[in-house]
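A.B. asks: A predicted structure for the sequence below; I have some questions about it.
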Number of protein chains: 2
Amino acid sequence: MTTAETSCAAYAPGPLKPEVAEALLKAAGVRMTPQRRAVLAVLDGNRTHPTAAAIVEAVRERIGAVSVATIYNTLDTLARLGLVRVLDVMESSTHYDPNTAPHHHFVCRRCHAVLDAPPEYASRLAGFGGHAIEDIVFIGTCARCGSGTIQKKRKS
Amino acid sequence: MTTAETSCAAYAPGPLKPEVAEALLKAAGVRMTPQRRAVLAVLDGNRTHPTAAAIVEAVRERIGAVSVATIYNTLDTLARLGLVRVLDVMESSTHYDPNTAPHHHFVCRRCHAVLDAPPEYASRLAGFGGHAIEDIVFIGTCARCGSGTIQKKRKS
DNA sequence: TTGCATGTTTAGAACGATTCCAATATAAGA
DNA sequence: TCTTATATTGGAATCGTTCTAAACATGCAA
């Protein structure tokens, strides 16, 4: 995993502390296994926003062999329980924009539409911590999907 | 392709107008081919932020068979010339964050680090056009990479 | 403590997006 | 027209992720 310490930490020790997590899992009728314990341990206090591959590697250092399927399953479970946030934008496909004028984008979590953000959002935010912001992607639920009418989704 | 009309259009008819584009390509020593012409035609004025697959489909409707490799090559070329913007965040890997407290993220284009944005960025922006914003991803060059010292990249 | 039903793990196959490759074809300047 | 650098092509290869069916283990109940 690429070591990347965070400078600006909006970090609060979440509900992944072993004991707390175990209680939550139990309450949700989810069984505790060595693999899950290891994933929880790897994530607890982790500020590096690891990928699944990085988690697999870290878990293997801890308990030896694990199947990547298990890691994905566990991460899905934790995400479903609200214990981890999944950071995935663009739904695994790159999109192309012929409009090269500076502007930002909005991505709908439900229908996966990519929309232009209005121009006034262009220069509203400066960088922070010495990081230069070039683009901004807003993620959420678009008006169509949010209004409860038509909505199309992919995957399950 | 998912039809998704934009409500907020920050759209300016860019340099993809056939004549203009051809001149630019020629100036860059890039040959004009039927395939490239078709890609340009598909993108010109296109506000749907299509994926490569959608572009392949549209180009096929126009000129018949094309290899997907050609589409990717062409898109790379156009991107290199600054004629299209590539919208890809997260570098094709999902990242996981155990910190479930509301906060946003910064992704470095160079080293692909994912950093937390400071809390004051959390509620600075409201939705627009009826779209509900749930998360924001800032993309740019992080302090370490920007300062011209260490910097690691993947891919070419 | 043991038994057991159900939830989990696993390896590997399958998948979708993208890139790579080597062979063939073609744009466009001389 | 000839030449040659540049493009296109199909298919194989790669990467991240999901699926599948079989083997396994957790934890409640007896």
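C.D. replies: Okay, I see it.

A.B. asks: report the longest strand in chain A, please.
C.D. replies: Longest strand of chain A, by residue count under DSSP state E: strand A:132-141.

A.B. asks: which stretches of chain A form helices?
C.D. replies: A:18-27, A:34-43, A:52-63, A:68-80, A:143-146 (DSSP state H).

A.B. asks: Quick one, grab the pLDDT at the residue of chain A most remote from its centre.
C.D. replies: Going by C-alpha atoms, centre = their mean, the residue of chain A most distant from its centre is A:Ala101, 28.4 Å out. Confidence at A:Ala101, expressed as pLDDT, is 88.

A.B. asks: how close does it get to DNA strand D?
C.D. replies: 26 Å (C-beta to the nearest atom of the strand, to the nearest Å). Where you see a C-beta, it was placed from the backbone N, CA and C, and this is true even at glycine.

A.B. asks: what's the answer for A:Ala58, then?
C.D. replies: A:Ala58 is 14 Å from DNA strand D, by C-beta to the nearest atom of the strand.

A.B. asks: Grab the nearest non-local neighbour of that residue.
C.D. replies: Leaving aside its sequence neighbours, A:Ala58 sits nearest to A:Val42 (C-beta to C-beta, 6 or more residues apart in numbering or on different chains; 4.4 Å).

A.B. asks: rewinding a little: partners of the longest strand of chain A, with directions?
C.D. replies: Strand A:132-141 has the following sheet partners, assigned by DSSP bridges: strand A:105-108 (parallel), strand B:132-141 (antiparallel).

A.B. asks: Within range of DNA strand C, give me the residues from chain A.
C.D. replies: Counting by C-beta under 7 Å from any atom of the strand, the positions of chain A adjacent to DNA strand C are A:29-31, A:33, A:35-36, A:65-70, A:73-74, A:77, A:92-94.

A.B. asks: which of those count as buried?
C.D. replies: A:30, A:35-36, A:66, A:70, A:74, A:77, A:94 (16 or more other C-beta atoms under 10 Å in any protein chain shown).

A.B. asks: Which one of those is nearest to B:Gly130?
C.D. replies: Closest approach to B:Gly130 among those (C-beta to C-beta): A:Thr94, at 26.6 Å.

A.B. asks: so where's chain A uncertain?
C.D. replies: Filtered on pLDDT under 70, chain A yields the residue ranges A:1-15, A:122-126, A:148-156.

A.B. asks: Thanks a lot, see you next time.
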